[in-house]
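**Q** Structural data only, the sequence is not supplied:
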C-alpha cells in the first residue's frame, strides 16, 4: 500500500489518520466494507443488492442531514419509488 512504518505507527498511536483514499485501499485489500474498517458496523461484508449510497460533500453540515432525509422521502413519494 506504499505506507511507511512511521505513518503506520502514527495511525496506531492515534497521532494521525490515513487519508480517505488509503482507507478505501485498505478496505479493498482486506475485502471488507469501509464501514467495517471504521468500526461503524460489525458486519464485514460489503452491502450488496438494491441499496444505493449518496456520497455527501466532505464539508456537508451534519445539521442539514434531517433536511436531506426529508427531501429524499419527498422524492421517493413524488416519483412513486
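**A** Looks like it arrived, so ask away. All values derive from a computational prediction rather than experimental measurement.
**Q** can you list contacts of the helix or strand of the chain with the lowest mean pLDDT?
**A** Least confident element among the helices and strands of the chain, by mean pLDDT, DSSP states H and E: helix 34-37 (a mean of 86). The contact list for helix 34-37, computed with C-beta atoms under 8 Å, 6 or more residues apart in numbering, reads 23-24, 26-27, 30, 41-44. Just so you know, the C-beta spots here come from the backbone N, C-alpha and C atoms, and that holds for glycine as well.
**Q** name the helices or strands packed onto the lengthiest helix in the chain?
**A** Using DSSP state H, we find that the single longest helix of the chain is helix 65-78. Packing partners of helix 65-78 (3 or more C-beta pairs under 8 Å, 6 or more residues apart in numbering; DSSP states H and E): none among the helices and strands.
**Q** Would you pull up how far that helix lies from the middle of the chain?
**A** 21 Å (C-alpha atoms, centre = their mean, to the nearest Å).
**Q** And that helix, what's buried?
**A** Under the neighbour-count criterion of 16 or more other C-beta atoms under 10 Å, helix 65-78 has nothing buried.
**Q** Let's verify residue 57: helix, strand, or coil?
**A** Secondary structure state of residue 57, per DSSP: H, G, I helix; E, B strand; the rest coil, is coil.
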